[in-house]
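# generate coordinates for the sequence data below:
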Amino acid sequence: MTTHQIVLIPGDGIGPEVAAATTRVLKAAEAPVEWVEHHAGIAALETEGEVLPEQTLDAVRERGLALKGPCTTPVGEGFTSVNVQLRKRLDLYAAVRPVRNLPGVRTRYEGVDLVVIRENTEGLYSGIENEVTQGVVTSLKVATERASTRIAHAAFRYARDRGREKVTVMHKANIMKMTDGMFIRCARAVRESEGFTDIEYEEVIIDAGCMKLVQDPTQFDVLLLENLYGDVLSDLCAGFVGGLGVIPGANIGDDYAVFEAVHGSAPDIAGKGVANPLALLMSAVMMLNHIADTRGDESSRASATLIREAYNQALSDDAKTRDLGGELGTEEFASAVIERMAR
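Numbers count the residues shown, from 1 in each chain. Alright, predicted model coming up:
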């Protein structure tokens with residue numbers, strides 16, 4: 001059996017705790033992975049003098065994959081976000097965030113099962129800002145045909161590979177006719193020219209789309225959005241199913257992929273053993289499936305299925321952490337998942 005070396009970035013705050021719980025579950029599931037630990041965020045700043053050391057980036061480039069806990073970027077001290085740096089320097093252009101209801105996690109919505117796919121490298125997050133004169137600042141929204149085309153292709157390919165039936169592009173092309181207009185034109189072109197016409201396609205103006213989502217999120221399947229819209233809507237959609245603590249995340253490029261818990265580092269509960277490791281565990285399951293898809297290792301998929309079925313069963317049995325209304329701590333929840341894998 002092939003063993004895949006994965007860079008583990010534990011992160012800050014509760015990051016090391018949820019990372020330890022996650023790696024323990026993967027070991028119990030006999031997932032074919034070997035961890036190579038590196039650091040980012042405050043943990044790296046304290047030892048390396050920068051929030052994203054070059055050796056961490058080099059490690060991801062060498063292995064191709066990373067699992068990352070939540071990282072803290074110091075506020076107001078001139079440091080660029082760890083997440084933004086990772087995406088840009090590794091060209092992780094597709095943010096993929098599956099959103100589905102989980103058993104035992106009650107919310108106002110039922111039957112939610114959608115995926116937000118967000119362009120990750122440009123738009124208003126290109127970081128090009130300029131103070132024209134005192135009190136007047138411009139922020140440049142960058143959109144390119146190349147980036148718009150490849151994210152559209154990623155969305156349609158994702159839908160095809162996972163048996164999804166519809167891709168919805170949310171945009172504001174009625175106002176931003178050049179940038180958002182190009183985004184939807186590229187999506188149409190990819191669908192028509194690359195053989196995705198069997199997948200249903202629609203375009204929805206973003207503000208109307210938000211209303212439709214809140215009214216009935218089950219009418220959507222795969223959402224394709226530019227950077228800022230995707231950032232906002234991915235968190236909004238997480239609210240349908242219980243919040244960021246029950247949502248996995250991935251940042252994927254042509255050569256590298258980083259899977260991460262998308263919630264914060266929660267320093268107020270760090271070290272107390274009460275953090276929910278589910279988001280990082282779900283992201284690890286995404287990673288294992290990605291290994292199976294890209295490297296042909298079906299043992300990774302078998303481990304992913306075993307873990308997913310076990311945490312679903314744990315939640316159904318009301319074996320939950322406190323944020324979900326249960327009584328378990330971080331390691332106790334990991335043990336509950338491991339126990340159900342052995343049944």
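
# which non-adjacent residue is nearest residue 342?
residue 28 (8.0 Å; C-beta to C-beta, 6 or more residues apart in numbering). Heads up, the C-betas are built off the backbone N, CA and C, glycines and all.

# look up phi and psi at that neighbour.
phi -60, psi -30 (degrees, to the nearest 10).

# pull up the gap between it and residue 338, please.
4 Å (C-beta to C-beta, to the nearest Å).

# got it, and residue 157?
For residue 157, the distance to residue 338 - C-beta to C-beta - is 34 Å.

# more neighbours: which of those two?
Ranked by neighbour count (other C-beta atoms under 10 Å), residue 157 and residue 338 place residue 338 first, with 18 against 14.

# give me the neighbour count for residue 125.
Count around residue 125 with other C-beta under 10 Å applied: 21.

# just residue 15 next, same as before
Residues near residue 15, counting by other C-beta under 10 Å: 29.

# list the contacts of the closest residue to it other than its chain neighbours.
In space, and not counting its chain neighbours, residue 15 is closest to residue 69: 3.1 Å by C-beta to C-beta, 6+ apart. By C-beta atoms under 8 Å, 6 or more residues apart in numbering, the contact set of residue 69 is 9-12, 14-16, 18-19, 260-261, 265, 280.

# and the strands in the stretch 151-300 of the chain?
With DSSP state E, counting those that start in this stretch as the criterion, the stretch 151-300 of the chain has strands at 166-171, 200-205, 222-225, 248-252, 257-261.

# how about CSV for these, with mean neighbour count and distance to residue 332 added?
Output for the strands of the stretch 151-300 of the chain, formatted as CSV (neighbours: other C-beta atoms under 10 Å; distance: least, C-beta to C-beta, whole Å):
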stretch, mean neighbour count, distance to residue 332
strand 166-171, 23, 39
strand 200-205, 16, 43
strand 222-225, 27, 35
strand 248-252, 23, 21
strand 257-261, 26, 18
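
# okay, the ones you listed in a markdown table with distance to residue 42 and mean pLDDT next?
Shown next, in a markdown table, are the strands of the stretch 151-300 of the chain (distance: least, C-beta to C-beta, whole Å; pLDDT from 0 to 100):
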| stretch | distance to residue 42 | mean pLDDT |
| --- | --- | --- |
| strand 166-171 | 34 | 98 |
| strand 200-205 | 39 | 98 |
| strand 222-225 | 30 | 98 |
| strand 248-252 | 20 | 98 |
| strand 257-261 | 16 | 97 |
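
# the ones you listed into JSON lines, with extra columns for distance to residue 124?
Converted to JSON lines, the strands of the stretch 151-300 of the chain look like this (distance: least, C-beta to C-beta, whole Å):
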{"stretch": "strand 166-171", "distance to residue 124": "14"}
{"stretch": "strand 200-205", "distance to residue 124": "18"}
{"stretch": "strand 222-225", "distance to residue 124": "12"}
{"stretch": "strand 248-252", "distance to residue 124": "18"}
{"stretch": "strand 257-261", "distance to residue 124": "22"}
